[in-house]
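Participant: Predicted model follows, preceded by the sequence.
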Amino acid sequence: MNPPLPSLEPAGRAGRHLLQYLRAVTGTAWSIDPSPLGAAFAINDGTGEPFAFLCLHDASETERCTRIGATVAAVLTHLLQAERDFYVPAEPVVGAAATAPTTGDIFGGRMIAHFQPIVDLVDGRIVAVEALARLQSGPNILGPGTFLDLIDTPAAMLALFDRMLECASDFLAEQRPRVPDLSAAVKLEFAGIPESGLPQLVERRLTAAGLPGEALEIELSARAAFALDAPRLEQLRTLAAMGVNLVLADVDRATHVVGLLQGTRLAGVKVGRRHVAHLVGTPEEAAAVRARIATAQRLGLEVIADGVETRSQTEQLLLLGCRFGLGYLFAVPQPPEMLTDLLDKPLVAVGH
């Protein structure tokens with residue numbers, strides 16, 4: 001008999017993490033229904049009716065189902081333990097607080113940054129690094145899939161941004177004497193923009209590291225629902241006036257978000273992994289991506305490609321006027337000490 005699966009009721013967010021992973025892998029919606037036989041996995045076809053079940057305790061395939069059951073149980077247990085050990089719900093920001101909550105209070109001091117290079121696609125030169133959040137769990141480093149959904153309040157989103165900004169500023173302060181024009185990209189959820197104090201928070205971090213505003217790129221993401229009122233818009237405009245580059249995280253929403261920002265100066269927009277892959281897909285897929293890139297360029301936005309994995313993708317991006325990108329073709333996200341040796345070396349040059 002299989003080891004019993006943890007109950008999904010107390011697992012809460014951990015259960016949702018697994019469902020999100022299954023949806024991402026299969027492209028369909030999954031649900032989990034506990035049963036006396038174990039756990040039944042239902043794939044939903046979008047109509048509300050499941051069309052397939054897999055019972056993990058099927059006696060006819062005992063060995064296989066035992067392996068699957070043990071794996072699923074281990075994933076759920078690991079995610080739930082990570083939530084219990086390393087996440088403390090943030091207190092809401094009271095009044096017009098000008099600083100983020102203490103990141104140590106929210107993440108237990110275990111949130112760190114790995115960095116992935118952003119390169120010039122023509123000559124392979126590293127022009128920037130993107131700070132990517134990781135959670136340290138003893139000797140293990142947990143990726144964002146294990147904790148990002150836990151960061152679901154404005155205070156926690158702002159605290160994560162501040163922690164990544166701190167890590168990025170420290171890295172730039174060490175490396176810019178050797179690579180003077182190096183900059184860093186840090187993600188901020190629109191929903192995490194506070195009522196006031198964001199420009200002051202950024203200025204403090206930059207000043208402490210001896211960095212100009214131009215050394216920072218803030219990638220604005222709409223992962224959660226948000227509203228942009230006049231005070232928040234004014235803070236974004238102040239950041240732009242400081243020289244900070246504001247970049248949109250999602251090309252699909254570029255036109256809509258540009259309208260919401262009401263003339264706030266934007267430097268660029270990200271084209272995600274799925275779109276980059278479609279550039280060398282079917283003619284219809286490639287045409288759709290080309291149209292999105294053209295729209296962004298008409299809006300005056302520099303296009304930055306995320307998830308570049310092949311030379312063919314790079315060649316197509318260059319033909320479309322996309323000059324910068326990041327992805328496994330160049331380097332995986334890595335600790336700052338490992339990235340240091342790569343900074344002054346061209347990675348992959350396609351444009352010559």
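Facilitator: Cool, got the structure. Since this is a predicted model, take the numbers as computed values, not measurements. Numbers count the residues shown, from 1 in each chain.

Participant: which residues of this structure fall in helices?
Facilitator: For the chain, the helices defined by DSSP state H occupy 8-11, 13-26, 62-86, 103-107, 154-175, 198-209, 230-241, 254-260, 273-278, 283-298, 311-319, 336-339.

Participant: average pLDDT across the fourth one?
Facilitator: Helix 103-107 shows a mean pLDDT of 55 in the predicted model.

Participant: Can you report how many residues neighbour Ala241?
Facilitator: Look at Ala241: counted by other CB atoms under 10 Å, it has 11 neighbours. Heads up, the C-betas are built off the backbone N, CA and C, glycines and all.

Participant: same thing with Ala291?
Facilitator: 10.

Participant: what's the spacing between it and Glu315?
Facilitator: Here Ala291 is placed at a distance of 19 Å from Glu315 (CB to CB, to the nearest Å).

Participant: correct me, but Leu248 touches Leu266?
Facilitator: Yes - counting by CB atoms under 8 Å, Leu248 does reach Leu266; the two are 6.5 Å apart.

Participant: tell me the contacts of the closest residue to Gly124 other than its chain neighbours?
Facilitator: Counting by CB to CB, 6 or more residues apart in numbering, Gly124 lies nearest to Pro346, which is 3.7 Å off, once chain neighbours are set aside. Shown in contact with Pro346 (CB atoms under 8 Å, 6 or more residues apart in numbering): Asp123, Gly124, Arg125.

Participant: mind running it again at 10 Å?
Facilitator: Contact analysis of Pro346 by CB atoms under 10 Å, 6 or more residues apart in numbering lists Val119, Asp120, Asp123, Gly124, Arg125, Ile126, Phe330.

Participant: for Val119, same thing?
Facilitator: Listed by CB under 10 Å, 6+ apart, the contact set of Val119 reads 125-128, 308, 314, 323-327, 329-331, 346-349.

Participant: In ChimeraX, select just the buried ones from those residues.
Facilitator: The ChimeraX selection below is limited to those of the contacts of Val119 classed as buried (16 or more other CB atoms under 10 Å):
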select :125,126,128,308,314,323,324,325,326,327,329,330,331,348
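
Participant: Mind checking which of the contacts of Val119 land in strands?
Facilitator: Ile126, Val127, Ala128, Phe324, Gly325, Leu326 (DSSP state E).

Participant: low-confidence ranges in the stretch 201-350 of the chain?
Facilitator: Applying pLDDT under 70 to the stretch 201-350 of the chain flags the ranges 348-350.
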